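S.K.: Using only what follows, build the 3D model:
(2 chains)
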2 protein chains.
Amino acid sequence: MNSEAQQEHPQDNCLRFSDIRAAAANIAAHIRLTPVLRCPQLDDRLDAEIFFKCENFQEMGAFKLRGATNAVFTLPETAAAKGVATHSSGNHGAAVALAARRRGITACVVMPENASSFKKRAVTEYGAKVIFCESSMRGRETALAEYVSATGAAVVHPYNDIKVMAGQGTAALELHAQVEQLDLILAPVGGGGLLSGTAVATRALRPGCSIIGVEPAGADDARRSLELGRITALAQPETIADGLRATVGPLPFAVLRSQVDDIVCVSDESIIRAMRYIWERMKIIIEPSSAVVAAAMLDLLVDVKGKRVGVILSGGNVDLDQLPW
Amino acid sequence: MNSEAQQEHPQDNCLRFSDIRAAAANIAAHIRLTPVLRCPQLDDRLDAEIFFKCENFQEMGAFKLRGATNAVFTLPETAAAKGVATHSSGNHGAAVALAARRRGITACVVMPENASSFKKRAVTEYGAKVIFCESSMRGRETALAEYVSATGAAVVHPYNDIKVMAGQGTAALELHAQVEQLDLILAPVGGGGLLSGTAVATRALRPGCSIIGVEPAGADDARRSLELGRITALAQPETIADGLRATVGPLPFAVLRSQVDDIVCVSDESIIRAMRYIWERMKIIIEPSSAVVAAAMLDLLVDVKGKRVGVILSGGNVDLDQLPW
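M.R.: From the prediction side, this is the model:
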């Protein structure tokens, strides 16, 4: 298979840099080129140069719009006509809803009954149909399967999908264009979509740059899975970082195994402290799932001294009536 | 007096554009060139192009560092040796403290006993001596006068000082360089330092651009003073926008009378709603005193339709344990 054919058939289950470049072209008209901000106090404290890629400023408040837009807009016309569907308790649902509205097709998001009203509102505001299900992975999958079999809608998986992973990788693609010569890049790990896209973009553009993922200690399935060499789900992930509770998917896992240098884990206490640090010093709003990376640096779990460090701040969707401090 | 002499003697009590240009040079090494951010949802809602100059990202969290730095760094050596002093319950105190620390001189900030512990901490963290006084303008002035007569320290007034006003004007100077062809510029009004600097910079750089100040309805002394043609203090200003409770000073007032097109007033309810709107949509932290301008736009008190509008977001120092919603 030559490289052109690979680009045409990315569903050969291996994320390539060409997929990410194609995604960047596909989504350019629909996403924001987010700014890169600095935090001089943090630079001083860590003796490093930290560059924050602010995906919290992305439309709908998270990088998730990148992957969802790539998946929704590359669906063939006939498939798209039947709409799209996904299950999500958070940002991915809102991202699919917004991307579908823009393409003019229907979207359905299966959400657990106990999802916060804050998140339910975001999804419905973007015009998606919401189906509530019981709060378990099985409950979600059953409800989604029923909807899909009734409607023929295309499923946009939150992370185990090459189109989605490629879209998420465009954040790092942009960051390397905005900031040269990074020595290290850090991203959170949930299902692995963002980290795998970040890794493939970084290996292609800046081969010597280290790639480290950060995971909540209470949802450290990616770290365990990499250690054991196979995907290992946790029975009951527990963390405030609600975007990072998912189990790493097989497609992202294949990338993480070969291209990520390390995964480090942080406690919820550290996450909350780091989140507040970023709010107070940088005056920007990040959600707990984004704060994991700042927590890893503040806890000195990652050696950043003297380095140029890129950080993907993944999102800023926080219920301002329910702050964790 | 030729124009060079004016630049050398700005204390002739009239703020000139040359003062602002000189201030920009004086403070360049000590302040951040803050970014300009957009809010597409707000642009859509108002059918306008709004450009937010993010002084909430300024070091110590507010534009106040500009004026304080200009005043502290232009003090002659002999005067500086005796230190600087001011009274402030908020950002100006922290700004003077930081500027003085950088110049290596002592700073004293007179603060009302009932100032929030959040604000006391900021001032002491930057190394200033704090003197507590009773919570009234007379109490503050008495305590400051006592300190100054004992030490010979130079007073850096929060707004009624040409050096301070000139420093505050550098935010608009930067904004006009970052964004061309603004039709309208908006800034909050407290003592009038920021608005007067903004007006003089704007009249010089973009003569056709309208200049409008926004004031809390519960502290509308600037609006009343302009209507009556003389400074009119309120007995008891009441607003959540704690940075805007001061009475407009004579030196800023002279500028506002001749160069500002209008002052509009917003309720505290609108301020809180607008503050939350900006937090949620832009994912940035602004304080109530900054939110007045967004409130004026959201309440349609200013006609922005079809215009390119510059907004000075003055600061982002908020006690995250005491949010107003």
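
S.K.: What confidence value was assigned to the closest residue to A:Gln259 other than its chain neighbours?
M.R.: In space, and not counting its chain neighbours, A:Gln259 is closest to A:Ala199: 4.1 Å by Cβ to Cβ, 6 or more residues apart in numbering or on different chains. (Glycine included, C-beta is placed from N, CA and C.) Here, the pLDDT recorded for A:Ala199 equals 98.

S.K.: residues in contact with A:Ala235?
M.R.: Remark: with contacts taken as Cβ atoms under 8 Å, 6 or more residues apart in numbering or on different chains, A:Ala235 is in contact with nothing.

S.K.: What is the helix or strand where A:Ser225 lies packed up against?
M.R.: Following DSSP states H and E, the helix or strand that holds A:Ser225 is helix A:221-228. Helix A:221-228 makes packing contacts with strand A:210-216, helix A:250-259, strand A:262-266 when contacts are defined by 3 or more Cβ pairs under 8 Å, 6 or more residues apart in numbering or on different chains; DSSP states H and E.

S.K.: That helix vs strand A:210-216, what angle?
M.R.: Put simply, helix A:221-228 runs at 120 degrees to strand A:210-216, going by axes from the mean of the first three to the mean of the last three Cα atoms, to 10 degrees.

S.K.: Would you mind pulling the contact partners of helix A:221-228?
M.R.: Here helix A:221-228 has contacts from A:189, A:192, A:195, A:213, A:215, A:231-234, A:237, A:247-248, A:253, A:256-257, A:260, A:263-265, using Cβ under 8 Å, 6+ apart.

S.K.: Please list only the buried members of these.
M.R.: A:189, A:192, A:195, A:213, A:215, A:231-232, A:237, A:247-248, A:253, A:256, A:260, A:263-265 (16 or more other Cβ atoms under 10 Å in any protein chain shown).

S.K.: Against A:Ser116, how distant is A:Leu234?
M.R.: 22 Å (Cβ to Cβ, to the nearest Å).

S.K.: Which residues of chain A lie near chain B?
M.R.: Within reach of chain B by Cβ under 8 Å from any Cβ of the partner chain, chain A has these residues: A:32, A:35, A:37, A:40, A:54, A:56-57, A:59, A:61, A:276, A:279-280, A:282-286, A:316, A:320-321, A:323, A:325.

S.K.: Strands of the stretch 101-250 of chain A, start to end?
M.R.: Taking DSSP state E, counting those that start in this stretch as the criterion, the stretch 101-250 of chain A contains strands spanning A:107-112, A:129-133, A:154-155, A:184-188, A:210-216.

S.K.: Rebuild those as CSV, extending it with mean pLDDT.
M.R.: Putting the strands of the stretch 101-250 of chain A into CSV (pLDDT from 0 to 100) gives the following:
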stretch, mean pLDDT
strand A:107-112, 94
strand A:129-133, 94
strand A:154-155, 98
strand A:184-188, 98
strand A:210-216, 98
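
S.K.: A:Val96 is nearest to which of the helices and strands packed on helix A:221-228?
M.R.: helix A:250-259 (17.7 Å; Cβ to Cβ).

S.K.: Sketch out the low-pLDDT regions of the stretch 151-300 of chain A for me.
M.R.: Nowhere does the stretch 151-300 of chain A drop to pLDDT under 70.

S.K.: ok, whichever residue of the stretch 1-150 of chain A sits closest to chain B - contacts?
M.R.: As assessed by Cβ to the nearest Cβ, chain B sits closest to A:Asn56 within the stretch 1-150 of chain A, at 4.6 Å. Applying Cβ under 8 Å, 6+ apart, one finds that A:Asn56 lies in contact with A:62, A:284-287, A:290, A:313-316, B:283.

S.K.: try A:Ala68
M.R.: A:92, A:95-96, A:98-99, A:156, A:164, A:167.

S.K.: 7 Å instead?
M.R.: By Cβ atoms under 7 Å, 6 or more residues apart in numbering or on different chains, the contact list for A:Ala68 reads A:92, A:95-96, A:99, A:156, A:164.

S.K.: what's the distance between the residue lying closest to A:Leu234 once chain neighbours are set aside and A:Ile231?
M.R.: Leaving out its chain neighbours, the residue that sits closest to A:Leu234 by Cβ to Cβ, 6+ apart is A:Asp221, at 5.1 Å. Distance from A:Asp221 to A:Ile231, counting by Cβ to Cβ: 8 Å.

S.K.: Also A:Thr142?
M.R.: 21 Å.

S.K.: A:Val311 too?
M.R.: In this view, A:Val311 and A:Ile231 are 26 Å apart by Cβ to Cβ.

S.K.: can you pull the contacts of the residue of the stretch 151-300 of chain A found nearest chain B?
M.R.: Nearest residue of the stretch 151-300 of chain A to chain B, counting by Cβ to the nearest Cβ: A:Lys283, 3.7 Å away. A:Lys283 makes contacts with B:56-57, B:61, B:284-285, B:316, as judged by Cβ under 7 Å, 6+ apart.
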